[in-house]
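Enquirer: how does the following fold in three dimensions:
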Amino acid sequence: MYRFYTDLETPNVMDTVPFFEITLSNIKDNEIKELYKFKKQEFNVNTILSTAEELKYLSAIKDQLKTLSQSPSDELIRLLIQECYQGMKTQTVVDKFRPIVAKAFNQFINENMNERIKHVISGEPDSTSNVTVKENEEDSIIDDGTAEIDLPSQPVIETTQEEIEGYATVKVLLGTVVDKDRIFYRDNASYFNILIDDSNRKWVCRLHLNSLTNKYITFRDEPNTRYKINHVYEIEQFTERLKVIVQSIIMPNE
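Expert: You can find the predicted model right below:
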């Protein structure tokens with residue numbers, strides 16, 4: 001985990017709470033966007049400081065929402081039942097609604113996720129989601145309020161931390177030539193595919209990282225040639241090549 005600090009509370013005194021945290025093994029697309037600002041070529045102190053306060057309080061509010069979804073406060077319960085319950089909001093009534101409100105929170109989240117997955121499977125656009133579906137997976141959606149997903153009968157492909165780090169690295173490197181929301185990955189049994197618009201026809205490069213000693217990368221413009229790497233961060237040496245490949249993919253459609 002990496003933590004970023006500044007002096008929002010008291011000038012020239014580092015805050016005790018970071019304004020930004022990331023875990024490379026579980027990095028999210030919105031975190032990649034923020035991390036991109038720390039790249040040497042893009043680094044701007046004023047830009048970072050202008051967003052630090054927002055990031056800090058955004059994280060705190062998200063943590064609070066998570067807590068409230070699991071254990072709603074009395075004030076929140078009274079607010080939410082204001083329109084549907086006309087009687088006195090006594091403590092007994094509040095306690096009665098507490099598990100209902102918690103269940104409503106979870107069902108609301110699950111139903112929204114369920115809809116996003118349906119959009120991905122059906123091929124319909126969904127601008128609010130970056131969910132990706134791996135090749136050959138046929139997820140079955142059960143709309144019973146719990147948004148359960150049947151696992152595929154085929155062997156499950158395990159996406160490793162190293163592969164996610166490789167994806168994050170490529171995404172940051174390509175941030176100047178294509179919207180990062182257009183960069184996706186699909187994990188396959190023999191390689192880790194990075195592509196544009198979640199389309200196999202628009203693959204950019206493939207990472208082969210499952211071996212402990214024989215790791216390499218292949219590129220769209222030369223798919224049969226392997227380039228050995230010892231660590232995913234060595235992908236940076238291919239930055240210009242990656243950019244040229246992406247431009248060749250997106251230019252006909254731009």
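Enquirer: any low-confidence regions in this protein?
Expert: 30, 36, 41-50, 53, 113-114, 116-156, 252-254 (pLDDT under 70).
Enquirer: excluding residues flanking it in the chain, which one is nearest Thr176?
Expert: Nearest residue to Thr176, sequence neighbours excluded (Cβ to Cβ, 6 or more residues apart in numbering): Lys243, at 7.5 Å. Yep, even glycine has a C-beta here, placed from its N, CA and C like the rest.
Enquirer: the one you found against Val170, yeah?
Expert: No: between Lys243 and Val170 there is no contact, the gap being 10.7 Å when judged by Cβ atoms under 8 Å.
Enquirer: buried ones in stretch 62-72?
Expert: Going by neighbour count (16 or more other Cβ atoms under 10 Å), the buried part of stretch 62-72 is 68-69, 72.
Enquirer: ugh, wrong one, I meant stretch 189-207
Expert: Quick answer for stretch 189-207 (16+ other Cβ under 10 Å): 191-196, 198, 202-207.
Enquirer: tell me the one of the buried residues of stretch 62-72 nearest Glu222?
Expert: Ser69 (48.8 Å; Cβ to Cβ).
Enquirer: any idea how far the closest one is from Lys202?
Expert: 37 Å (Cβ to Cβ, to the nearest Å).
Enquirer: just want the most central residue of the protein.
Expert: Lys28 (2.7 Å; Cα atoms, centre = their mean).
Enquirer: OK, contacts around that one?
Expert: By Cβ atoms under 8 Å, 6 or more residues apart in numbering, the contact list for Lys28 is empty.
Enquirer: tally up the residues packed near the residue nearest to Thr176, please.
Expert: 16 (other Cβ atoms under 10 Å).
Enquirer: strands of this protein, start to end?
Expert: 2-4, 20-22, 140-142, 148-150, 183-187, 192-196, 203-208, 216-219, 222-228 (DSSP state E).
Enquirer: can you redo those as JSON lines with distance to Gln82?
Expert: Rendered in JSON lines, the data for those read as follows (distance: least, Cβ to Cβ, whole Å):
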{"stretch": "strand 2-4", "distance to Gln82": "39"}
{"stretch": "strand 20-22", "distance to Gln82": "35"}
{"stretch": "strand 140-142", "distance to Gln82": "32"}
{"stretch": "strand 148-150", "distance to Gln82": "32"}
{"stretch": "strand 183-187", "distance to Gln82": "42"}
{"stretch": "strand 192-196", "distance to Gln82": "47"}
{"stretch": "strand 203-208", "distance to Gln82": "51"}
{"stretch": "strand 216-219", "distance to Gln82": "57"}
{"stretch": "strand 222-228", "distance to Gln82": "60"}
